[in-house]
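[1] fold the stuff below for me.
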Amino acid sequence: VFLTMALLTLQTNAFMSKFKDMYVTDFHITKCYPNETGAIAVEDVEINIGPNMKVHVSGTLIASRDLASPIKTEVVVKKSTWFGWFGVGCVDNVGSCNFEDLCEFGYQPAEGCPPDFKEYNVPCRCPLK
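    You can find the predicted model right below:
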């Protein structure tokens, strides 16, 4: 199953508005278990912080099988300093966070999927097929 994410726009909350001068200088995606074949591969990801502190994420998600709830995910964010790399804590689901089920963040069935998702046949809620 190949899914192409056209453009996922996440509206950040008040927490992010504190970081008006924030920018991403480097971005890496690594597998938690490099020697294992996972159900998901992520490629060509770009992150941009636009006007009004909206975070735009684009890229390609390749799923080797259908994915249903719960989809457990760990996100690790680190900041480079003069003293080395330090982990960034999780505040309001931003930063280094563990998510028990990513499906909680999808669009509800009553909402319908955004036009970009429909145009590129990208699911906006679980299960991901």
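[2] what's the weakest-modelled helix or strand in the chain?
    strand 2-11 (a mean of 36; mean pLDDT, DSSP states H and E).
[3] what about the chain, any weak spots by pLDDT?
    Along the chain, the parts satisfying pLDDT under 70 run over 1-28, 30-37, 53.
[4] so which residues of it form helices?
    14-17, 115-119 (DSSP state H).
[5] so in terms of bridging, what pairs with the residue nearest the centre of the chain?
    Taking CA atoms, centre = their mean, the centroid of the chain lies closest to Val57, which sits 7.1 Å from it. On the basis of DSSP bridges, Val57 is bridged to Leu8, Ile47.
[6] for the chain, which segments count as strands?
    Assigned by DSSP state E, the chain shows strands spanning 2-11, 40-49, 54-63, 73-75, 78-81, 84-87, 97-99.
[7] turn the ones you listed into TSV, columns for distance to Lys129.
    For every residue, glycine as well, the C-beta is placed using N, CA and C. Shown next, in TSV, are the strands of the chain (distance: least, CB to CB, whole Å):
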stretch	distance to Lys129
strand 2-11	9
strand 40-49	13
strand 54-63	8
strand 73-75	18
strand 78-81	33
strand 84-87	34
strand 97-99	20
